[in-house]
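Enquirer: predicted model, plus sequence, below.
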Amino acid sequence: MSTAIRLRGLTKRYITRSVFEELDLTVEAGETVAVLGASGCGKSTLLRCVGGLVRPDAGRVEVAGEIGFVFQEPRLMPWLTVERNVAFAARDDRERARVGEIVRLVGLADAAKLLPKELSGGMAQRAALARSLVRSPKVLLLDEPLSALDALLRLDLQAALARIVRETGTTAVLVTHDVDEALYLADRAIVLAGTPARVLLELPVPAEARRSRRADVARERIDLLVALGVDAAAPTVAAEPPDAAVEAITPR
Amino acid sequence: MSKRALALALPLLLAALWYGATSSGLVKTYQLASPADVGRELAALAASGLLWTNLGASIERVALGFGCALACALVAGTLVGLSPRIEAALDPTLQAIRAVPSLAWVPLLLLWLGIGEDAKIVLIAIGAFFPIYVNLFAGIRGVDRKLVEVAEVLGIRGFALARRVVLPAALPSLLVGARIGLTQAWLFLVAAELLASTRGLGFMLTEGQQISRTDEILTAILLLALCGKLSESAMRAIERRALRWTDGLPA
């Protein structure tokens, strides 16, 4: 298997604190890796380093091939229709010719001529996903792409995302704070914690837990929650929905 | 009552008062011509062709001056808005020039360019430039960083970034600036034509004053009001068409 992303000794410091020091990470081609961690742990910064939006202070970032980036918000150009927003990423006629097909792939064929203000949150995020796919990226970087959506819509889009990643054979890095989302989508989950952040837990997701919603039977779910600092055994926490529990924990 | 009827109520009331004041002899016609006098003057001007000469001259000057202002403001506003270095080099000077009341340029313009068309057009352009420039600059600075980041991830930079993201995003501000600039253009047109001209609406005002013809003065004022209102409405129509994508309240 070839390597899609290789990070070596990645270091990023802000004036008051160090986000991560000497971080190493390798992602194989075709693999989906979920990066988990509490808010502010540096997982987004890590993804932005890979995407070239943040310049690391030291270390190497190697990415094999084109990158597609999906942000937490759709970030569509409000003056362009869905179709034209997707075509925004196209560089040549060949890529422009794929726009219709990709709009169908994300399930927006009927909304192609609508403006962003006419879209629901889920539709807008689908359009943003479509835009990131136009260049047939080898690597898809997803920065909490579903966290602004309501729970039902999120499940729906998780399924769509899983299907698209499978159909396109893309390597994906998914930053999320949702343990179930990580287990559903990823081949491997990584938990970042501490200041500077380090990889606290690296967990291969077994095939039976992946793409299934039967997270209750997954030993991995408990492992991830424990790594995130949630006492999975304690009844007070276990009674909470896992999402809220992850939000509530503090990294230090 | 419909909005349109409401909008017409006040002008009709004023016209009625005007008619009452002049026809009752309360106001002498050498002080204020009657609506009938103005109507006759308008008909006479139209018949002699002078109406189109004067109106055409003024519209042409406004169009040329405003066009120059728009072109210059687009270039300057975009450069200053996009590049902090160009801003540092250019903006303080432009702000200082803006602080000069625009009419203060008149003597200099007359000395440099004479009393021909050029001086008038430049004066109108100076008046119209700043609202467009200031609004475009503010609009560009206010562009959502997040949209710029989308382009950055896609490797869209420089001119392409300006054309595809920054300028479309700043279009609402640009159009507001252009609307104010056009109003300014009419204002400076009158100033320019009052000073030195042989035709135009401003010329009608000076001529009317010199030969004590209030009907001519009032005709010119009515025509100016009409032109100003029409150009304002046209700009608003352009805004509505171009900004259908915005999510805000209608302007």
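Expert: Sure, I can see it.
Enquirer: now the most centrally placed residue in chain A. Its backbone dihedrals?
Expert: A centroid search over chain A (CA atoms, centre = their mean) returns A:Leu174, at 2.2 Å, as the residue closest to the centre. Backbone torsions for A:Leu174, taken as degrees, to the nearest 10, come to phi -120, psi 110.
Enquirer: which other helices and strands contact the one helix or strand B:Val106 maps to?
Expert: Using DSSP states H and E, the element containing B:Val106 is helix B:106-113. Judged by 3 or more CB pairs under 8 Å, 6 or more residues apart in numbering or on different chains; DSSP states H and E, helix B:106-113 is in contact with helix B:117-141, helix B:167-195. To be clear about C-beta, it is placed using only N, CA and C from the backbone, and glycine gets the same treatment.
Enquirer: swap the cut-off to 7 Å and go again
Expert: helix B:117-141 (3 or more CB pairs under 7 Å, 6 or more residues apart in numbering or on different chains; DSSP states H and E).
Enquirer: anything in the helix it packs on near chain A?
Expert: No: Helix B:117-141 lies apart from chain A when judged by CB under 7 Å from any CB of the partner chain; the minimum separation is 13.2 Å.
Enquirer: quick check, pLDDT for A:Thr252.
Expert: Not quite, residue A:252 is Arg, not Thr. pLDDT for A:Arg252: 41.
Enquirer: go on, B:Ala160?
Expert: B:Ala160 is assigned a pLDDT of 93 by the prediction.
Enquirer: gap between the helix or strand harbouring it and the chain center?
Expert: Assessed by DSSP H and E, B:Ala160 sits inside helix B:158-161. Chain-centre distance of helix B:158-161: 30 Å, with CA atoms, centre = their mean, to the nearest Å.
Enquirer: just checking, A:Phe71 touches A:Leu142?
Expert: No: taking CB atoms under 7 Å as the definition, A:Phe71 is not a contact partner of A:Leu142, at 8.8 Å.
Enquirer: low-confidence ranges in the stretch 151-252 of chain A?
Expert: In the predicted model, the stretch 151-252 of chain A carries pLDDT under 70 at residues A:214-218, A:231-252.
Enquirer: switch to 50 and redo it
Expert: A:235-242, A:244-252 (pLDDT under 50).
Enquirer: what of the stretch 151-251 of chain B?
Expert: In the stretch 151-251 of chain B, residues with pLDDT under 50: B:251.
Enquirer: residues from it in reach of chain A?
Expert: Within the stretch 151-251 of chain B, the positions adjacent to chain A are B:Glu152, B:Val153, B:Leu154, B:Val165, B:Pro168, B:Trp245, B:Thr246, B:Asp247 by CB under 7 Å from any CB.
Enquirer: among these, which ones are in helices?
Expert: Among those, the residues falling in helices (DSSP state H) are B:Glu152, B:Val153, B:Pro168.
Enquirer: neighbour count added to those residues, as TSV?
Expert: Shown next, in TSV, are these (neighbours: other CB atoms under 10 Å in any protein chain shown):
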residue	neighbour count
B:Glu152	17
B:Val153	21
B:Pro168	19
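Enquirer: from these, which is closest to B:Lys28?
Expert: Nearest to B:Lys28, judged by CB to CB, of those is B:Pro168 at 57.4 Å.
Enquirer: so what's the backbone phi/psi at the nearest residue to that closest one once chain neighbours are set aside?
Expert: Nearest residue to B:Pro168 in three dimensions, chain neighbours excluded: A:Trp79, at 5.0 Å (CB to CB, 6 or more residues apart in numbering or on different chains). With angles defined as degrees, to the nearest 10, A:Trp79 sits at phi -90, psi 0.
Enquirer: so A:Trp79 versus B:Tyr30, what's the distance?
Expert: Using CB to CB, to the nearest Å, A:Trp79 is found at 56 Å from B:Tyr30.
Enquirer: and these two? Which one has more around it.
Expert: With neighbours defined as other CB atoms under 10 Å in any protein chain shown, A:Trp79 and B:Tyr30 compare such that A:Trp79 has more, 19 against 9.
Enquirer: pretty sure that one is touching B:Ala170, no?
Expert: No: in this structure A:Trp79 lies outside contact range of B:Ala170 using CB under 7 Å: 10.9 Å.
Enquirer: overlap in contacts of these two?
Expert: Common contact partners of A:Trp79 and B:Ala170 (CB atoms under 7 Å, 6 or more residues apart in numbering or on different chains): none.
Enquirer: count of neighbours near the residue of the stretch 101-250 of chain A found nearest chain B?
Expert: As assessed by CB to the nearest CB, chain B sits closest to A:Lys117 within the stretch 101-250 of chain A, at 4.4 Å. For A:Lys117, the count of nearby residues is 13 (other CB under 10 Å).
Enquirer: need phi/psi at it.
Expert: Phi and psi for A:Lys117, reported as degrees, to the nearest 10, are phi -70, psi -20.
Enquirer: how about it, nearest residue that isn't a chain neighbour?
Expert: B:Asp247 (4.4 Å).
Enquirer: repeat for B:Gly142
Expert: Using CB to CB, 6+ apart and skipping residues adjacent in sequence, the residue nearest B:Gly142 is B:Ser173, 7.0 Å away.
Enquirer: okay, buried residues for the longest helix anywhere in chain B please.
Expert: As assigned by DSSP H, the longest helix anywhere in chain B is helix B:50-82. Judged by neighbour count (16 or more other CB atoms under 10 Å in any protein chain shown), helix B:50-82 contains these buried residues: B:51, B:54-55, B:57-59, B:61-62, B:64-66, B:68-70, B:72-74, B:76-82.
Enquirer: what's the following helix or strand after it?
Expert: helix B:84-99.
Enquirer: who does that next one touch, helix- and strand-wise?
Expert: helix B:50-82.
Enquirer: related to what we said a few turns ago, which residues touch the residue nearest to the centre of chain A?
Expert: Here A:Leu174 is in contact with A:Thr32, A:Ala34, A:Val35, A:Leu142, A:Leu185, A:Ala186 (criterion: CB under 7 Å, 6+ apart).
Enquirer: format the residues you listed as CSV; extra columns: secondary structure and distance to B:Gly127.
Expert: Output for the contacts of A:Leu174, formatted as CSV (DSSP: H, G, I helix; E, B strand; the rest coil; distance: CB to CB, whole Å):
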residue, secondary structure, distance to B:Gly127
A:Thr32, strand, 60
A:Ala34, strand, 60
A:Val35, strand, 57
A:Leu142, strand, 52
A:Leu185, helix, 60
A:Ala186, coil, 62
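Enquirer: adding neighbour count and distance to chain B, write those residues out as TSV.
Expert: Shown next, in TSV, are these (neighbours: other CB atoms under 10 Å in any protein chain shown; distance: CB to the nearest CB, whole Å):
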residue	neighbour count	distance to chain B
A:Thr32	24	20
A:Ala34	27	21
A:Val35	27	18
A:Leu142	25	12
A:Leu185	25	21
A:Ala186	25	22
